[in-house]
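# I need the structure of the sequence given here:
(chains A and B)
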There are 2 protein chains.
Amino acid sequence: MKRIKFRWRDREREGILVNDTGEFLEIKLKNGYNIVLGREEVELIEEENIQTHRPEIVEENGEYSVIMTGGTIMSRVDYVTGAVYPSYDLSGIIQRPSKKIFLSEIKFSEAMEPKDWQEISQLCYRELKDGKRVIVLHGTDTMTYSASAVAFAIRDMNSPVVFVGAQRSSDRPSSDQNLNIRGAFAVADTDIGESVIVMHDTLSDRSVGIFRGVRTRKSHSSRRDAFRAIGQGKIGRILYPEEKVVINQNYRKISELGELKNRFSYDVGILYFYPGMGEDVLEYFAQRFKGIVLVGTGLGHVSPKLIPKIGEHRDKIFVITTQTIEGRVNLNVYRTGREILNAGVLGNLTDILPEVAYVKLSWMLGNNIPRESYSENIVGEITERSIYSSGA
Amino acid sequence: MKRIKFRWRDREREGILVNDTGEFLEIKLKNGYNIVLGREEVELIEEENIQTHRPEIVEENGEYSVIMTGGTIMSRVDYVTGAVYPSYDLSGIIQRPSKKIFLSEIKFSEAMEPKDWQEISQLCYRELKDGKRVIVLHGTDTMTYSASAVAFAIRDMNSPVVFVGAQRSSDRPSSDQNLNIRGAFAVADTDIGESVIVMHDTLSDRSVGIFRGVRTRKSHSSRRDAFRAIGQGKIGRILYPEEKVVINQNYRKISELGELKNRFSYDVGILYFYPGMGEDVLEYFAQRFKGIVLVGTGLGHVSPKLIPKIGEHRDKIFVITTQTIEGRVNLNVYRTGREILNAGVLGNLTDILPEVAYVKLSWMLGNNIPRESYSENIVGEITERSIYSSGA
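All right, here's what the predicted structure looks like:
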């Protein structure tokens, strides 16, 4: 992307050049509006590259490992019964002439749980160690959980791990499967050393998004462009029909393969706060789990009457996230927040997503990571403080 | 808003006229792009009004009841200690020359729970019955819960009930308090017979949004434009500096005041599903509550191993919603969904928000509403089926 100064109708203006179709320029103005102008009406005065660039393409090996865990991407509809059933006929999906592809199969992703994260991470690690680029076919429902798990388990990667799924099965005309898969292979050839998700980012077939696993949510139950990067943009996109990978965000480049830390604890629960929640529910979670992810309101609040109960369980790890999904927890602003902080709750000033907090805590407990690490940014799961984060 | 046909650069095009500044036309094209064109370049061929209009202004009484429940809107910062404390000095906030204003005070909204919903509804009802327009000053964290509660408690209103809050306290230069309050009074004068929320909908001071209480979420922890209408647009906006109310959506017009049904049960819990959740956690919720709001993944899924446990508790009411926030539950698409349906879970094909489902179930149990009503649209909490709702 480029920051441009341009003259239009005798006035000098500034904006971000979002798209250049040849005929038109799409420009994001400072007031937030996107305008589309005919190219020849615009006199470009100045332009400056900001971030967008093509990643380095790493071609020295060219072997891929495709790990199959199920999901719509591996499904077909039986048009007699109307049921969706799994399909192992991947010839139409993943054939790449002149590329070597190795297949592994795990299980269906709807039933995924921490032990499966362990297994997927193990398999990814083995394949990365063997010099392969890794593509994981995964159901979209729990994809961000699994992609986050791999991100924590393998913090330094020598090749991308690319999660890819589909919202519509392959036998539907509107299927997103083919472009998503092609995009996943394209991303697998780059120097992005992260656990990423490749899924449609618009309703059009002109592009597919590259999302950071730990900063992404499935944000619609059925649309093709269900995935959304939260609190920061996508890492980049694959543009079609050129199948060109472009980058918008900083990303971690591939490096030496680091160590594998892939144990995940079942001793974590998510407790979604609601007005009227009784102390006994909180007590149950505190008794039942070593780590509790609270999903509070606004800046990270729960009802004041629950706070003493949290304070009684200092041996447990309570972390706080927010139901708003967007924005940062800030326990410094209101009295309730300060009391929550005093009760020993972790996560102040972070914007880690509730689901990612769950995976992180499960990973921390599984690998004996000290509790202080929770509020540290380990693999990009916490963004830098944004200008909008102040609450008062 | 208008649907327009227009000619530009010798080609006929269609779109929705989103904004007309005099100098520019902002047009949403069919492909989803918004373009901004100089007005004199565009030849309008055809235009057709769609929905947007000004609501009827109802002026026959002019008495307002302002119910104060706390929140940032009633707060000031102590710049010595940095703490935010409540302020009862509302003279600067709600003075309206030549308007009669009656004040009531309840409690601070951070600790709101079902018994408070009962009290707020009761008070709103009394004031509506007395011919007043009702404005509720409320903290933003739990505002959608309370606005939803009033919506269910008073289904037919003779005047709007307007919830209003602020994200920044009044002594900050960036405070949104003043415009939000002015907007609330403007909306109180209309014929909108619903429980609505009036909050900034952009970062600018040119407009404030009118949100349907049961279709809205606080979607950012700190931004002024934190509230977002989910699955349908806002009801409308108040445009500044004109302070003009414009309407974009169908809304329920004021009618005879209906009956009050304002009992809310505490016997409901929200259970947020996560991969690895044990059957024992589900069993605890089933034992503990009469109604359980499951927040599942994607189209409304939970791990298959939990489903038999749900089926064992047919005396309880399980309803399913989705973590994606946007989009509809659809249990007909995958086998897991069908099993969930067979286990007796309600809410198939609805897109009710998790928080609203909680309030609705609490209201149903409190007022002995039969369980079949859960999937019926009672006060606009379920939208009509959208074209994107099919999942397979």
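# can you map out the strands along the stretch 151-300 of chain A?
For the stretch 151-300 of chain A, the strands defined by DSSP state E, counting those that start in this stretch cover A:161-164, A:195-200, A:207-212, A:216-218, A:227-229, A:236-239, A:244-247, A:268-272, A:291-296.
# nearest to B:V246, of the ones you listed?
Proximity to B:V246, assessed across the strands of the stretch 151-300 of chain A by CB to CB, is greatest for strand A:227-229 (28.6 Å). The way it works is simple: take the backbone N, C-alpha and C, and place the C-beta from them, glycine included.
# Output the contacting helices and strands for the closest one.
strand A:195-200, strand A:207-212, strand A:216-218 (3 or more CB pairs under 8 Å, 6 or more residues apart in numbering or on different chains; DSSP states H and E).
# returning to what we had before: may I see the strands of the stretch 151-300 of chain A organised as a markdown table, with mean pLDDT and mean neighbour count added?
Below are the strands of the stretch 151-300 of chain A laid out as a markdown table (pLDDT from 0 to 100; neighbours: other CB atoms under 10 Å in any protein chain shown):
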| stretch | mean pLDDT | mean neighbour count |
| --- | --- | --- |
| strand A:161-164 | 97 | 30 |
| strand A:195-200 | 97 | 28 |
| strand A:207-212 | 95 | 26 |
| strand A:216-218 | 96 | 25 |
| strand A:227-229 | 93 | 22 |
| strand A:236-239 | 93 | 22 |
| strand A:244-247 | 91 | 18 |
| strand A:268-272 | 98 | 24 |
| strand A:291-296 | 98 | 26 |
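# Turn those strands into a markdown table, columns for distance to B:P308.
Putting those into a markdown table (distance: least, CB to CB, whole Å) gives the following:
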| stretch | distance to B:P308 |
| --- | --- |
| strand A:161-164 | 30 |
| strand A:195-200 | 31 |
| strand A:207-212 | 34 |
| strand A:216-218 | 26 |
| strand A:227-229 | 31 |
| strand A:236-239 | 42 |
| strand A:244-247 | 45 |
| strand A:268-272 | 20 |
| strand A:291-296 | 26 |
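# Tell me which of those strands lies nearest to B:K305.
strand A:268-272 (16.1 Å).
# Report all helices and strands that that closest one contacts.
Looks like strand A:268-272 contacts helix A:279-288, strand A:291-296, helix A:354-366, strand B:268-272 (3+ CB pairs under 8 Å, 6+ apart).
# what's the second one in contact with?
Spelled out, it's strand A:291-296. A:265, A:267-273, A:285-286, A:300, A:302, A:316-323, A:329, A:340, A:345, A:354, A:357-358, A:361-362, A:364-365, B:272 (CB atoms under 8 Å, 6 or more residues apart in numbering or on different chains).
# can you point me to the longest strand in chain A?
strand A:11-20 (DSSP state E).
# Counting neighbours, which bits of that one end up buried?
A:13, A:15-17 (16 or more other CB atoms under 10 Å in any protein chain shown).
# again with stretch A:364-372
Under 16+ other CB under 10 Å, the buried positions of stretch A:364-372 are A:364-366, A:369.
# what's the neighbour count on the residue in the stretch 101-250 of chain A that chain B sits nearest to?
Residue nearest to chain B within the stretch 101-250 of chain A: A:S221 (3.1 Å; CB to the nearest CB). The tally of other residues near A:S221 (other CB atoms under 10 Å in any protein chain shown) stands at 30.
# Can you give me every residue that contacts it?
Counting by CB under 8 Å, 6+ apart, A:S221 has contacts B:298-300, B:322, B:324, B:326-330, B:389, B:391.
# ok, now A:I120?
Here A:I120 is in contact with A:67, A:69, A:106, A:136, A:146, A:149-150 (criterion: CB under 8 Å, 6+ apart).
# Most neighbours out of these, which is it?
A:A149 (31 neighbours).
# Verify the stated contact: A:K309 with A:L282.
Yes. A:K309 is within contact range of A:L282, at 5.0 Å (criterion: CB atoms under 8 Å).
# of those two, who's got more company?
It is A:L282, of A:K309 and A:L282, that has more neighbours when counted by other CB under 10 Å, with 24 against 18.
# sorry, back to before: narrow the contacts of A:S221 to those in strands?
B:T322.
# Tabulate the contacts of A:S221 (a markdown table), appending neighbour count and pLDDT.
Formatted as a markdown table, these follow (neighbours: other CB atoms under 10 Å in any protein chain shown; pLDDT from 0 to 100):
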| residue | neighbour count | pLDDT |
| --- | --- | --- |
| B:G298 | 30 | 95 |
| B:L299 | 28 | 95 |
| B:G300 | 34 | 96 |
| B:T322 | 30 | 98 |
| B:T324 | 27 | 97 |
| B:E326 | 21 | 94 |
| B:G327 | 24 | 94 |
| B:R328 | 26 | 95 |
| B:V329 | 31 | 96 |
| B:N330 | 23 | 94 |
| B:S389 | 20 | 32 |
| B:G391 | 25 | 34 |
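# What about chain A: which of the contacts of A:S221 touch it?
B:298-300, B:322, B:324, B:326-330, B:389, B:391 (CB under 8 Å from any CB of the partner chain).
# Which single one of the residues you listed is nearest to A:N34?
Among the ones next to chain A among the contacts of A:S221, and counting by CB to CB, the member closest to A:N34 is B:E326, at 21.6 Å.
# what about the residue nearest to the closest one when sequence neighbours are not counted, how many residues close to it?
Nearest non-adjacent residue to B:E326, counting by CB to CB, 6 or more residues apart in numbering or on different chains: A:H220, 4.2 Å away. Using other CB under 10 Å, A:H220 has 22 other residues around it.
# Model confidence score at A:H220, please.
A:H220 carries a pLDDT score of 93 in this model.
# what's near enough to touch it?
So A:H220 contacts A:226, B:324, B:326-327, B:388 (CB under 8 Å, 6+ apart).
# Which residue ranges of chain A form helices?
A:91-94, A:114-129, A:143-153, A:177-188, A:279-288, A:307-311, A:335-342, A:354-366 (DSSP state H).
# Kindly spell out which helices and strands sit in contact with the last one.
Using 3+ CB pairs under 8 Å, 6+ apart as the contact criterion, the neighbours of helix A:354-366 among helices and strands are helix A:114-129, helix A:143-153, strand A:268-272, strand A:291-296, strand A:317-322.
# helices or strands next to the last one in the packing?
In terms of contacts (3+ CB pairs under 8 Å, 6+ apart), strand A:317-322 is packed against strand A:291-296, helix A:354-366.
# quick one: low-confidence parts of chain A?
A:31-33, A:49-53, A:58-61, A:74-99, A:106-110, A:385-392 (pLDDT under 70).
# cutoff 90 now
A:1-111, A:166-178, A:201-207, A:222-225, A:231-233, A:241-242, A:247-250, A:333-336, A:384-392 (pLDDT under 90).
# domains of it?
Domains of chain A are assigned by automatic domain parsing as A:2-49, A:63-247, A:268-375.
# Could you export those domains to CSV, including columns for distance to B:S169?
Shown next, in CSV, are the domains of chain A (distance: least, CB to CB, whole Å):
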stretch, distance to B:S169
domain A:2-49, 25
domain A:63-247, 24
domain A:268-375, 10
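# quick revisit: possible to save the helices and strands packed on strand A:317-322 as JSON lines with distance to A:T142?
What follows is the helices and strands packed on strand A:317-322, written out as JSON lines (distance: least, CB to CB, whole Å):
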{"stretch": "strand A:291-296", "distance to A:T142": "16"}
{"stretch": "helix A:354-366", "distance to A:T142": "9"}
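# Would you tell me which of the ones you listed gets closest to A:I254?
helix A:354-366 (21.5 Å).
# Give me the angle between the closest one and strand B:268-272.
70 degrees (axes from the mean of the first three to the mean of the last three CA atoms, to 10 degrees).
# Please name the nearest non-neighbouring residue to A:A188.
A:R133 (3.8 Å).
# check contacts around that neighbour.
Per CB under 8 Å, 6+ apart, neighbours of A:R133: A:61, A:63-65, A:159-160, A:162, A:188-189.
# Would you write a ChimeraX line that selects the buried entries of these?
Those of the contacts of A:R133 that count as buried under 16+ other CB under 10 Å are selected in ChimeraX with:
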select /A:64,65,159,160,162,188,189
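# Which one of the contacts of A:R133 is nearest to B:G258?
Taking these together and measuring to B:G258 by CB to CB, the closest member is A:V162, at 55.2 Å.
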